[in-house]
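Enquirer: Output the structure for:
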Amino acid sequence: MDNNREVLLQVKDLCQYFGPVKAVDGVSFDIKKGEVFGLVGESGCGKTTTGRSIIKIYDITSGSIYFKGQRICAGTKSYRDEIAAKRAEMKADPQKAEACKARIAQLQKEIKQARKDHVKSGTVTDIQMIFQDPIASLNPRMTVKEIIAEGLVIKGIKDQKYIDEKVYEILELVGLVREHAGRYPHEFSGGQRQRIGIARSVIMHPELLIADEPISALDVSIQAQVINLLNELRDTLN
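Expert: From the prediction side, this is the model:
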């Protein structure tokens, strides 16, 4: 791996708590442009939660996530915990009051900036995700064309002819055909549905694609096909 490549994603001390449950606790890693990065662990260790936190399905508890150098996710629990500790320290030792007050003011400023960064970043369309269960992640009431085109519509593109051509182009890229555009998810096999999920992600031309165990729900006979497809897309689209 070329160490001079640009760092695309930086995760620092990511914590994602759901009440008392620590789903992710203090995870840090970097992903460079063009790199395939594998996050490995036993079932229930927080791999899916990490991916969902990166694409902002969840508001992270603490830590920071940077994409192309810009902070896109910022949790405030670590700041609030330190503020509480400094207030307790100030109460226990009044001589440290001035130093504690200064640190508290700095932490409050950092919380304000973290919230500002979180709101400012909005939805990062340059990051897309392929979900583990292809049938659960596709709206059964939408046609394939509507599912794949949804990101373009949300982005504000209104030219229907352009949208249709992009959908047909992406369908062929992932190994499907134009005729599939008017059908619904239940009319497809598991492998075909996963290709639809991949197409939905790829049409946005993301710089980072998060694949959440994209072949675990598929038959062994088609797992290799999907892996080969992902490798081809990486080479084609960088």
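Enquirer: For the rest of this, base every contact and every neighbour count on C-alpha atoms.
Expert: Will do.
Enquirer: State the distance from the most centrally placed residue in the chain to residue 103.
Expert: Centroid-nearest residue in the chain, with Cα atoms, centre = their mean: residue 55, separated by 2.7 Å. Using Cα to Cα, to the nearest Å, one obtains 31 Å as the distance from residue 55 to residue 103.
Enquirer: quick one on the thing from earlier: which residue is the nearest non-sequential neighbour of the residue nearest to the centre of the chain?
Expert: Closest residue in space to residue 55, ignoring its immediate chain neighbours: residue 127 at 6.6 Å, by Cα to Cα, 6 or more residues apart in numbering.
Enquirer: Which pLDDT value goes with the one you found?
Expert: In this model, residue 127 is scored at 91, pLDDT.
Enquirer: ok, it touching residue 203?
Expert: No - judged on Cα atoms under 8 Å, residue 127 makes no contact with residue 203 at a distance of 11.6 Å.
Enquirer: Per-residue pLDDT of residue 216, please?
Expert: Residue 216 is assigned a predicted lDDT (pLDDT) of 80.
Enquirer: wait, I meant residue 119
Expert: 57.
Enquirer: likewise residue 225?
Expert: 83.
Enquirer: Residue 16 against residue 25, yeah?
Expert: Yes - counting by Cα under 8 Å, residue 16 touches residue 25, with 6.5 Å between them.
Enquirer: pLDDT weak spots in the protein?
Expert: Scanning the chain for pLDDT under 70 picks out the ranges 1-3, 117-124.
Enquirer: Show me where it has its helices.
Expert: With DSSP state H as the criterion, the chain has helices at 47-54, 77-92, 97-121, 144-154, 160-173, 190-202, 220-237.
Enquirer: got a list of contacts for the fifth one?
Expert: For helix 160-173, contacts defined as Cα atoms under 8 Å, 6 or more residues apart in numbering pick out 145, 148, 149, 152, 157, 177, 178, 181, 196, 199, 202, 203.
Enquirer: Could you measure from the first one over to residue 222?
Expert: Right, the one you point to is residue 145. 23 Å.
Enquirer: now swap in the fifth one and tell me
Expert: Counting by Cα to Cα, the separation of residue 157 from residue 222 is 34 Å.
Enquirer: And for the third one?
Expert: According to Cα to Cα, residue 149 and residue 222 sit 25 Å apart.
Enquirer: So those two - more neighbours on which side?
Expert: The residue with more neighbours, out of residue 149 and residue 222, is residue 149; 22 against 14, by other Cα atoms under 10 Å.
Enquirer: Now do the contacts for the more buried one.
Expert: Applying Cα under 8 Å, 6+ apart, the residues contacting residue 149 are 163, 164, 167, 200, 203.
Enquirer: and with 7 Å instead?
Expert: With contacts defined as Cα atoms under 7 Å, 6 or more residues apart in numbering, the neighbours of residue 149 are 163, 167.
Enquirer: And for residue 194?
Expert: Contacts for residue 194 were tallied using Cα under 7 Å, 6+ apart; they are residue 134.
Enquirer: From residue 133, how far off is it?
Expert: 8 Å.
Enquirer: now do residue 197
Expert: Taking Cα to Cα, one finds residue 197 at 9 Å from residue 133.
Enquirer: and the two? which has more neighbours close in?
Expert: Looking at residue 197 and residue 133 with other Cα under 10 Å, you find the greater number of neighbours at residue 197, namely 25 against 19.
Enquirer: Just to check, that one is in contact with residue 128?
Expert: No - contact criterion Cα atoms under 7 Å: residue 197 and residue 128 do not qualify, at 10.4 Å.
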